[in-house]
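Novice: Fold the following, please.
(chains A and B)
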Amino acid sequence: MLTLLEQIDKGTLWHSPGGIHPPQLKSLSNQSAAKRLTPAGQYRVPLPQVGDCARLSIKVGEQVKQGQQLTDGEGFMYLPVHSPVSGHVIDISLQSSNHASGLPTLTCIIEADGLNQTIDYQESALVELSNQQILDKIKQAGIAGMGGATFPSHIKLNPASEIDLVIINGVECEPYITSDDVLMRENALEIFKGIQIINQLLTPQRIVVAIEDNKPEATLAMQQCLARFDDLTSIVKITVIPTKYPSGGEKQLIQIITGREVPTGSIPAQQGVVVHNVGTAYAIQDAVLHGKPLIERLVTLTGEQVTQPGNYWIAIGTSVEYALQQVGFNADRNQKVIIGGPMMGYALPDYDVPVLKGTNCILTPSANEIAPDVEEKACIRCGECAVVCPALLLPQQLFWHAKAEEYDKAASFNLKDCIECGCCSFVCPSDIPLVEYYRVAKSALKNEAEEKQQAEQAKIRFEARLKRLEDEKLAREEKSRLAAEKRKAAANASSNKNTVAEAMARVAAKKLAAEQESKQDKPATDKSAAVKAAIERAKAKKLANQSTISNTPDENASTDNLPAVNDKKAQIAAAVARAKAKKLAQNKATLSENDTASAQNEPVDDKKAKIAAAVARAKAKKLAQKQAESASDMDAANSQVLSSEDQFSQEQAPQVQAQSEIGTGTDSDVSEPLDDKKAKIAAAVARAKAKKLAQKQAESAADMDIQSSPVQSSQEQSSQGQAPQVHTEIGTGTESDVSKPLDDKKAKIAAAVARAKAKKLAQKAAESENKTDVESDDRINADALISPAQTETSALPVTPSNVSEPVDDKKARIAAAVAKAKAKKLANKQKLSEKE
Amino acid sequence: MAFKIASSPHVSTTLHTNKVMQRVALCLIPGILAQVYFFGMGTLVQILIAVLTCLSAEAAIMKLRNKSIKNALSDNSALVTGILIAIAIPPLTPWWMTVIGCGFAMVIVKHLYGGLGNNIFNPAMAAYVLLLVSFPVQMTNWVAPAELAANQVGIVAAFAHIFEFTSAGLDHFRIAVDGHTMATPLDTFKTDLSMGMTSSESLQRNVFDGMTGVGWFWINLAYLAGGLIMLKLNVIRWHISTGILLAIFVCSGFGFLLNPDTHASPMLHLFSGGTMLCAFFIATDPVTAATSTRGRLLFGAIIGVLVFVIRTYGGYPDAVAFAVLLANMCAPFIDYYIRPRSYGHRAGN
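Specialist: Prediction:
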């Protein structure tokens, strides 16, 4: 038994099943040497990745040189795009694309200026470059597979697995197309230089250059050239394979050369095989040795409707219309313009579209060459399609199920393994466009899978909601049970009036504590927040009935709530709340926090948020009235609870929405800049509020109690004039979740900046250092309100599960730093608005 | 400027259904000629009646279904069905039987199931079975081969007999022919065995020429030749025919080796009755056959085994029609369970 390498050296070829022998018609275009097309005046370079993983690096009206990069970006699939010409950008807009659909895509239109300014093409020698440098050069040159699939080449040249065999694909099995044929005849030297580079990157044991036996000239040229590369002669083998369509398909070629099949669902690299097109090898050589990006390619212009068929070097971005006009195109009635070959190429609806990196052929057949479409007739199950299928499928069964829209059954016949080569349609005696049926079925299956996934997510969400509601119910029942017990106990206990009075006071304080807690925990996870909200609502009702019900059970009821909350958080919250309770007693201005908060909520470019803000303002007004009426602090607190609840529920909406937006990964909203004007207005309102508060506070006595709260440190650093400046640990709870994906470095920088800022502010605030507790409350809430906005502005993807994840210490710290940075941003905005 | 758009591929072969059917019809010619040579002009008259009936039945149905009559008739499938029915039935079958058979094949078997490509049963064989069970006497009375008959069945005699003219001038034609109808060799063989004769004794009768039936050997050979031409033209693939012939050969070979006295020889099986016609022209109807290559081999083998079993142990002398219909029933299941291994899949996926 010979090993695979021995077999390859021996020249053994394996059988690839199926396949057809359509008329070649290659002599139409390969009789003359490649020519260069007269440069066009205008070029359109599509930028499909902009908005996905790339950014524009040029502006309309800007001067560009030939070879200048038009986009930059990162991401696995990102591939730079370059200007094919020296000129200036006259427009960047949606233009119809070189695609079967003709759907518009973002396109940069460049008008040539005739100055022929080019970027500095850096020549380099292979020996000087490291593998990483080579890969970078290939990536920067924007090289994609030139065979038509246009998969980024640098990815295929940097595989995760060991590569034993590289196949250089010069098969070109489609009828009519001769661009690879002519390239091999005329540029064999460059192709081998490219192969040298591929060899250095992948270090395979063998490199097989596969050429069909209908290209003897190309084979000869390649063989003669190979003799000049001493380092390659032992590795590279030129193998001539029999002419059969679709031998040039990646999987088919691997089968012919190695006898192995690529298992379904895996890529050739996992089998230790990589296939590159000869055109790609040429482009790699150009990029690495000459520093030239991929801005032109060899295109076959052929078909009976052009007078000068042949191969032409055409700059990418040249209009197909222009190219065809140059070779004497004469449109027939019912003319088809096909990009690619007659087997797998697509017909253009409109030919005013650019030539792309993968455009290897433009075919303009006459009616004699390609018959007009005929009517589809009944399938007679002759099975010829199964005989020619290179993927060994049963096309007639696939058709049967695809036509009946039984896509699951079609899938069970391995529809996904169809390579859409078109052999089945070619041989079909009933003229059934089988491939079209498969395409429809494939996309229907894809949609189905996506819908299924979404339904699953919805189910998870629904179940979570049911559980939450159940938990709430249980919590309520438990509370009322305990309350009833206490009531009984209280009835039995002594009726000392002093004790009752003391208890009343304690209850009031604790109630307030709980209420503040709920406010500060707003941004926390939906579930716990919702539970708390429910508890709060119940409590508020109870408070309303306070006079009629005994005080002692209430006290116990409020303490019962505490275990439900995270211990640490609860302590912090309790401390803050205690401080607030006292403050409330002194200053009713607290209600302005609603205004401030809602004002700061406005920068969120979100209708819901605006409505919420409006409602909150209304609430605040109502509150003000109520407070004016109420004589006691208790009443004020009571209404406060109500208002905060309402506000809370409204705030939830934008926040949840923000989460869902992030969850689905649509970034248009997320990356949308905040409305500047609104932000400024909001900032101005906030400032005004803060000033008012400052005046009020100046009147009120300093309250030293807050010093004991954990919020204190950040409060101390803050100034009165900048309400949203301070972020307490509690306030940033959600922010940390949301901004978690920010990398450490950024966070650290932000923190540093924020600290510097804070120091400055601390100096400013020296006078009012001890009176800021009301402000701090404002800020806490302001932060809570801003957090949805920040969630939206964060362009980084966060899954909903991340958002609800508990925060660990490290994250919290990073989050605090980020929050500080955010505060700084807001402060800057305010400064701007102040200047104005 | 807007261009015509279409889905790839943009080219296709020129071997369309109508051409395939046309080639099938043309490849039947050698067999038909042999049949005419041995059994007279009746066959040609039957072809005329059957084809006309089939075409008009199809046209009527297409009219009722509001579909293009021209498209349906131009695919030549009705033509082939008509010819197959005509050459399967005895050459002097009364015209109304032929019409009933063809109408049944077209209307009920083909179009009530959805038309071309959707019928489960082979229309020609279903029609044959209908006639066989409805009119067993007429369907088993075959014309005596020319060598054994006093006078050849001429075209006038054939017309007179088939259309049952009763005018005095034509009567002598009918009577002349009537005296020369007899059982087919397979029928004779079966009857003799049931009467206690050995196979070698039966083969001594005048319908046999020592090995096979007089004339039938050449007719089968002619159909075999036509079938080989179809294979060469890629009109059919070899799997079904091979399956049938191999199965018949193996089964009858075993039977003959075990007990030559009560079993027909493989030679008799392969070159008698409708064996070759079935193997190359009837069972290969793609609509009602299995579609994968392995499935087709199995489909053919089922027919072959059934032909042997029914001929040897069943109540009917020839079994081709029953075997084909029974195998038609199996075809969907064969297609479901026998699937080729797709590229990149391990066996069994």
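Novice: how about low-confidence regions in the stretch 151-300 of chain B?
Specialist: Applying pLDDT under 70 to the stretch 151-300 of chain B flags the ranges B:151-152, B:166-182, B:210-211.
Novice: how about the strands of it, start to end?
Specialist: Ranges of strands in the stretch 151-300 of chain B, per DSSP state E, counting those that start in this stretch, are B:181-182.
Novice: how about the residues of it near chain A?
Specialist: B:237, B:286-287, B:289, B:291-293, B:296 (C-beta under 8 Å from any C-beta of the partner chain). Every residue, glycine included, has its C-beta placed from N, CA and C.
Novice: which pair in the residues you listed spans the largest distance?
Specialist: B:287 and B:293 (17.1 Å; C-beta to C-beta).
Novice: more crowded one of those two?
Specialist: Remark: of residue B:287 and residue B:293, residue B:287 carries more neighbours, 24 against 17, as counted by other C-beta atoms under 10 Å in any protein chain shown.
Novice: My guess is the more buried one contacts residue B:123. True?
Specialist: No. In this structure residue B:287 lies outside contact range of residue B:123 using C-beta atoms under 8 Å: 9.1 Å.
Novice: and the closest residue to residue B:268 other than its chain neighbours, how many neighbours?
Specialist: Spatially, and ignoring its direct neighbours in sequence, residue B:268 is nearest to residue B:212 (5.5 Å; C-beta to C-beta, 6 or more residues apart in numbering or on different chains). Number of residues near residue B:212 (other C-beta under 10 Å) recorded here: 25.
Novice: How much space separates residue B:212 from residue A:151?
Specialist: For residue B:212, the distance to residue A:151 (C-beta to C-beta, to the nearest Å) stands at 65 Å.
Novice: Equivalent analysis for residue B:107, please.
Specialist: Noted for residue B:107: a distance of 56 Å to residue A:151, by C-beta to C-beta.
Novice: Could you do residue A:247 as well?
Specialist: Plainly put, residue A:247 is 20 Å away from residue A:151 if you go by C-beta to C-beta.
Novice: Comparing the two, which shows the higher neighbour count?
Specialist: residue A:247 (23 against 14).
Novice: show me what contacts residue 191?
Specialist: Using chain A here. Neighbouring residues of residue A:191 by C-beta atoms under 8 Å, 6 or more residues apart in numbering or on different chains: A:168, A:183-184, A:222, A:225, A:278, A:281-282, A:285.
Novice: think we crossed wires, I meant chain B
Specialist: Neighbour list for residue B:191: residue B:183 [criterion: C-beta under 8 Å, 6+ apart].
Novice: Run through the helices of the stretch 51-200 of chain B in chain order.
Specialist: Ranges of helices in the stretch 51-200 of chain B, per DSSP state H, counting those that start in this stretch, are B:69-74, B:77-88, B:95-103, B:123-134, B:136-140, B:155-162, B:168-178, B:185-194, B:199-202.
Novice: Give me whichever of the ones you listed is most buried.
Specialist: Per residue and on average, the most neighbours among the helices of the stretch 51-200 of chain B fall to helix B:77-88, with a mean of 27 (mean count of other C-beta atoms under 10 Å in any protein chain shown).
Novice: and it, what other elements does it pack with?
Specialist: When contacts are defined as 3 or more C-beta pairs under 8 Å, 6 or more residues apart in numbering or on different chains; DSSP states H and E, helix B:77-88 sits against helix B:17-27, helix B:29-39, helix B:42-64, helix B:95-103, helix B:123-134, helix B:275-277.
Novice: got the contact list for the first one?
Specialist: When you say that, I think you mean helix B:17-27. The contact list for helix B:17-27 (C-beta under 8 Å, 6+ apart) reads A:377, A:380, A:382, A:429-430, B:74-77, B:79-80, B:83, B:226-227, B:229-230, B:233, B:235, B:281.
Novice: Buried subset of those residues as a ChimeraX selection?
Specialist: Selection of the buried residues among the contacts of helix B:17-27 in ChimeraX, burial being defined by 16 or more other C-beta atoms under 10 Å in any protein chain shown:
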select /A:377,380,382,429,430 /B:74,75,76,77,79,80,83,226,227,229,230,235,281
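Novice: Name the single longest helix found in chain A.
Specialist: Ranked by residue count and defined by DSSP state H, the top helix of chain A is helix A:434-492.
Novice: can that helix be found next to chain B?
Specialist: Yes. Using C-beta under 8 Å from any C-beta, helix A:434-492 comes into contact with chain B via A:435-436, A:439.
Novice: Stretch A:370-384 too?
Specialist: Yes. Using C-beta under 8 Å from any C-beta, stretch A:370-384 comes into contact with chain B via A:370-373, A:375, A:377-383.
Novice: Now restrict these to buried residues only.
Specialist: By neighbour count, with 16+ other C-beta under 10 Å, the residues of stretch A:370-384 next to chain B hold A:370, A:377-383 as buried.
Novice: rewinding a little: inside helices: which ones of the residues of the stretch 151-300 of chain B next to chain A?
Specialist: Applying DSSP H to these, the entries found in helices are B:293, B:296.
Novice: Any of the residues of the stretch 151-300 of chain B next to chain A buried? List them.
Specialist: By 16+ other C-beta under 10 Å, these give B:237, B:286-287, B:289, B:291-293, B:296 as buried.
Novice: Now distance to residue A:362 too, for the residues you listed, in JSON lines please.
Specialist: Output for those, formatted as JSON lines (distance: C-beta to C-beta, whole Å):
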{"residue": "B:237", "distance to residue A:362": "38"}
{"residue": "B:286", "distance to residue A:362": "38"}
{"residue": "B:287", "distance to residue A:362": "41"}
{"residue": "B:289", "distance to residue A:362": "43"}
{"residue": "B:291", "distance to residue A:362": "38"}
{"residue": "B:292", "distance to residue A:362": "39"}
{"residue": "B:293", "distance to residue A:362": "39"}
{"residue": "B:296", "distance to residue A:362": "42"}
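Novice: All the strands of the stretch 251-400 of chain A, residue numbers only.
Specialist: For the stretch 251-400 of chain A, the strands defined by DSSP E, counting those that start in this stretch occupy A:273-277, A:296-302, A:310-315, A:338-339, A:346-347, A:361-363.
Novice: Deepest-packed of those strands, please.
Specialist: Most buried of the strands of the stretch 251-400 of chain A by mean neighbour count (mean count of other C-beta under 10 Å) is strand A:361-363; its value is a mean of 28.
Novice: In JSON lines, list the helices of the stretch 51-200 of chain B along with distance to residue A:475.
Specialist: Listed next are these as JSON lines, based on distance: least, C-beta to C-beta, whole Å:
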{"stretch": "helix B:69-74", "distance to residue A:475": "73"}
{"stretch": "helix B:77-88", "distance to residue A:475": "75"}
{"stretch": "helix B:95-103", "distance to residue A:475": "80"}
{"stretch": "helix B:123-134", "distance to residue A:475": "74"}
{"stretch": "helix B:136-140", "distance to residue A:475": "87"}
{"stretch": "helix B:155-162", "distance to residue A:475": "95"}
{"stretch": "helix B:168-178", "distance to residue A:475": "103"}
{"stretch": "helix B:185-194", "distance to residue A:475": "90"}
{"stretch": "helix B:199-202", "distance to residue A:475": "94"}
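Novice: of these, which approaches residue A:393 most closely?
Specialist: That would be helix B:77-88 among the helices of the stretch 51-200 of chain B, by C-beta to C-beta, at 26.1 Å.
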